[in-house]
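Undergrad: Okay, here's the prediction I keep looking at, along with the sequence it came from:
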Amino acid sequence: MKEPIILKAKNFDDMEDIAEKFIENGYKIMSADSEHIIAKKRNFGTIYIHLLLLFLILFVVSYNSLVLYILCMVYIGYFIFNLFKNSKIVLITTETVDEKGKPVKFNNIENIDYS
């Protein structure tokens, strides 16, 4: 999983304002309470890779060959890898210390890419 983007908000209204920018760009709210909002944008991979692999599986490789099974495993692996490793997570919080008492390292909101 990619490192989550951690942003600091002053209060709950500020958290909602920041989260709105992410929601407009395809993020879904996974969890929310008075102290934090967690949003996630799933990544399924590049559409061109999906189309290429599906074309090869459906039309090029013969039905009962080892290459077909290998190509299907590669396709499933590509999908699962992108779904679980390349998805983006955003944590917007009002807390400044974690549960161990250490200060939280925040990302700079000016450098955030909302896509």
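TA: That came through fine.

Undergrad: buried ones in the helix ranked longest in the chain?
TA: For the chain, the helix with the greatest residue count under DSSP state H is helix 66-85. Within helix 66-85, the residues that qualify as buried are 68, 71, 75, 78, 82, counting by 16 or more other C-beta atoms under 10 Å. The way it works is simple: take the backbone N, C-alpha and C, and place the C-beta from them, glycine included.

Undergrad: what do you get for stretch 21-29?
TA: Of the residues in stretch 21-29, those with enough neighbours to count as buried (16+ other C-beta under 10 Å) are 22, 27.

Undergrad: who's in contact with that stretch?
TA: Stretch 21-29 is touched from outside by 19, 37, 38, 39, 40, 41, 42, 88, 90, 114, 115, with contacts defined as C-beta atoms under 8 Å, 6 or more residues apart in numbering.

Undergrad: Quick check: of the residues you listed, which has the highest neighbour count?
TA: Taking other C-beta atoms under 10 Å to define a neighbour, the member of the contacts of stretch 21-29 with the most is residue 37, carrying 25 neighbours.

Undergrad: How much space separates that residue from residue 52?
TA: Look at residue 37 and residue 52: by C-beta to C-beta, to the nearest Å, they are 37 Å apart.

Undergrad: and the helix or strand harbouring residue 38, what does it pack onto?
TA: Secondary structure assignment for residue 38, by DSSP states H and E: strand 36-41. Contacts of strand 36-41 with other secondary structure elements, assessed using 3 or more C-beta pairs under 8 Å, 6 or more residues apart in numbering; DSSP states H and E, are made with helix 12-24, strand 28-32, strand 88-93.

Undergrad: where in the protein is pLDDT low?
TA: 1 (pLDDT under 70).

Undergrad: Break it down into its domains, please.
TA: Per the record's domain assignment (automatic domain parsing), the chain is made up of the domains 1-42+87-115, 44-85.

Undergrad: Quick one: distance of the shortest one to the chain centre.
TA: Using C-alpha atoms, centre = their mean, to the nearest Å, we find the averaged C-alpha position of domain 44-85 to lie 21 Å away from the chain's own average C-alpha position.
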